[in-house]
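> Okay, structure incoming, though there's no sequence with it:
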């Protein structure tokens, strides 16, 4: 269903200006036509009244001498003087018909009883005029004229045609002017809208817009710039806090982990052994969280460094699958492709971190299932690795945001632990390797992809960068 609010501001401005122009020109042309028609009617009334007066003056003697034939002959000559007259009549002072005239093929008519009354009435198609015949200040009869307004129909037709043509011309010019005028207003608004969308999509809060105007749009842009400055400052403080907190947590956490690991070796009595193992599992979770926070801090400060070396990606895939399988008692991790010793340039430890994160997510977000599939595909320039789960999946509308910092899938993430940092770190690592990472929905669950350039492609992109 068409909704005005769904139209862009640019098109709304054009429609508004064109509509306003059409309404204004319509009113002007309407007034012009009505005025012209009324003016024509008034001229015709005045002309017919003058003609009636002339007929009345020339009919005085015929009425006084009771010579209706002379009056009829005079009326018959009207078709030469005023061919638009279809009926004419003269009555005596008693209102009785004295003489009449009807145009050939005209409908029959009856002369109205007027008795000295002067009147005129102009309709859409006919004009009626009556004028008394006066002799020596005495009314001795009346003249009646019925006129066909054929010319009026032609005038209306011509005026309507002219108005329609002028309206079309005005519409075209109005549209062209609206196109030029709207760009000044909508261009600035659209620039602000695009900036807001870009910020929402990329999270780049250092984006500001230049504006030297003083109108409401300029006020909006100034408010946007101020908001970006405040968000950027807030992000800076938050990143500083995360960095400091992570570093401060790392040292005592290392000590705690060491003591718990030692206690785990020494303690063999149940259920004390079980409690120690649970404590160690939670310490490991906390350690991973602190590492993620440290990585985020390094990414934000530009201090995340890569140790780029050549390594065998097939060996890394096998090692990572084994490591992930050891900590998962619910899912079988299946490798679908066949290793062929593919070599790539990259930071082996960081790529392993990406793989472990994606495998961990595939297991965590597919409760009740028992399989995760790992596959790879080699193209001319890159290697694409796929990790498929058969779990709850990622809604299509959220796929664009899932790699943002602190973003978690709505609805399902409430029941699953995490801070939404893993995929953000994975995206940064893959981007630093000149690759791409994305997610697609499957019939059931989802498929996470990431690509890495092969040896020759990585060297080329590194040179270009």
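Arrived safely, thanks for sending. Worth saying up front: this structure is predicted, and the values here are computed from it rather than measured.
> use CA for all of it now, contacts and neighbours both
Noted.
> can you map out the helices along the stretch 351-465 of the chain?
422-432, 455-464 (DSSP state H, counting those that start in this stretch).
> The nearest residue to residue 120 once chain neighbours are set aside bridge partners, please.
Excluding the flanking residues, the one nearest residue 120 by C-alpha to C-alpha, 6 or more residues apart in numbering is residue 129, at 4.4 Å. Counting by DSSP bridges, residue 129 is bridged to residue 120, residue 145.
> On the pLDDT front, check residue 129 for me.
Per-residue pLDDT puts residue 129 at 89.
> Which residues are in contact with it?
45, 48-49, 52, 118-121, 144-146 (C-alpha atoms under 8 Å, 6 or more residues apart in numbering).
> Could you identify which of the helices of the stretch 351-465 of the chain has the lowest mean pLDDT?
Least confidently modelled of the helices of the stretch 351-465 of the chain is helix 455-464, at a mean of 61 by mean pLDDT.
> re earlier: going by distance to residue 316, which of the contacts of residue 129 wins?
Of all the contacts of residue 129, residue 121 has the smallest distance to residue 316: 103.4 Å, by C-alpha to C-alpha.
> my guess is the closest one contacts residue 144, does it?
No - using C-alpha atoms under 8 Å, residue 121 is not in contact with residue 144; the gap is 11.7 Å.
> And the contacts of stretch 61-75?
Contacts for stretch 61-75 (C-alpha under 8 Å, 6+ apart): 55, 59, 88-90, 92, 98-101, 140.
> Equivalent analysis for stretch 169-184, please.
10, 13-14, 17-18, 21-22, 25.
> Nearest to residue 192, out of the residues you listed: which one, please.
Using C-alpha to C-alpha, these come closest to residue 192 at residue 10, 13.2 Å.
> Please give me every residue in contact with that closest one.
Contacts of residue 10 by C-alpha under 8 Å, 6+ apart are 182-183, 186.
> If you go by neighbour count, which of those are buried?
182, 186 (16 or more other C-alpha atoms under 10 Å).
> Out of the contacts of residue 10, which sit inside helices?
Among the contacts of residue 10, the members falling in helices (DSSP state H) are 182-183, 186.
> Just put those residues in JSON lines and tack on distance to residue 298.
Formatted as JSON lines, the ones in helices among the contacts of residue 10 follow (distance: C-alpha to C-alpha, whole Å):
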{"residue": "182", "distance to residue 298": "46"}
{"residue": "183", "distance to residue 298": "43"}
{"residue": "186", "distance to residue 298": "40"}
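> mind checking which helix or strand residue 170 is in?
Using DSSP states H and E, residue 170 sits in helix 150-202.
> how about the strands in the stretch 351-465 of the chain?
In the stretch 351-465 of the chain, strands defined by DSSP state E, counting those that start in this stretch lie at 371-378, 382-388, 436-441, 446-453, listed in chain order.
> Show me the one of those strands that comes nearest residue 231.
Going by C-alpha to C-alpha, the one of those nearest residue 231 is strand 436-441, 27.0 Å.
> Buried ones in the closest one, by neighbour count?
Of the residues in strand 436-441, those buried (16+ other C-alpha under 10 Å) are 436-439.
> cool, and stretch 440-455?
Within stretch 440-455, judged by 16+ other C-alpha under 10 Å, the buried ones are 445-455.
> Ok, stretch 393-402 next?
393-394, 401-402.
> Between the residues you listed, which sits nearest residue 343?
Among these, and counting by C-alpha to C-alpha, the member closest to residue 343 is residue 402, at 29.5 Å.
> which residues does the closest one contact?
Residue 402 neighbours (C-alpha under 8 Å, 6+ apart): 408-409, 423.
> just residue 395 next, same as before
Residue 395 sits in contact with residue 441, where contact means C-alpha under 8 Å, 6+ apart.
> Residue 439 versus that one, what's the distance?
Distance, residue 395 to residue 439, using C-alpha to C-alpha, to the nearest Å: 10 Å.
> and the strands of the stretch 351-465 of the chain as TSV, adding mean pLDDT?
Output for the strands of the stretch 351-465 of the chain, formatted as TSV (pLDDT from 0 to 100):
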stretch	mean pLDDT
strand 371-378	92
strand 382-388	93
strand 436-441	92
strand 446-453	93
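> out of these, which comes closest to residue 302?
Nearest of the strands of the stretch 351-465 of the chain (C-alpha to C-alpha): strand 436-441, 19.2 Å.
> What is that closest one packed up against?
helix 422-432, strand 446-453 (3 or more C-alpha pairs under 8 Å, 6 or more residues apart in numbering; DSSP states H and E).
> Of these, give the one that comes closest to residue 332.
Between residue 332 and the helices and strands packed on strand 436-441, the shortest gap by C-alpha to C-alpha is with strand 446-453, which sits at 16.3 Å.
> what does the closest one contact?
344-345, 358, 381-394, 430, 433-441.
> Filter those residues down to the buried ones and hand me the PyMOL line.
Applying 16+ other C-alpha under 10 Å to those leaves a buried subset, and the PyMOL line that selects it is:
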select buried, resi 344+345+358+382+383+384+385+386+387+388+389+390+391+393+394+430+433+434+435+436+437+438+439
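> Rounded mean pLDDT for the strand or helix carrying residue 345, please.
Using DSSP H and E, residue 345 sits in strand 343-346. Throughout strand 343-346, pLDDT has a mean value of 88.
> Check stretch 299-314 too.
Stretch 299-314 comes out at a mean pLDDT of 82.
> Compute the first-to-last residue distance for it.
Using C-alpha to C-alpha, the two ends of stretch 299-314 sit 27 Å apart.
> List of residues touching that stretch?
Residues contacting stretch 299-314 (C-alpha under 8 Å, 6+ apart): 239, 295, 298, 339-348, 350, 425, 428, 455.
> Could you list the buried residues of it?
Quick answer for stretch 299-314 (16+ other C-alpha under 10 Å): 299, 311, 313-314.
> Need the residues you listed in a markdown table (columns: secondary structure).
Conversion of the buried residues of stretch 299-314 to a markdown table gives the following (DSSP: H, G, I helix; E, B strand; the rest coil):
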| residue | secondary structure |
| --- | --- |
| 299 | helix |
| 311 | strand |
| 313 | helix |
| 314 | helix |
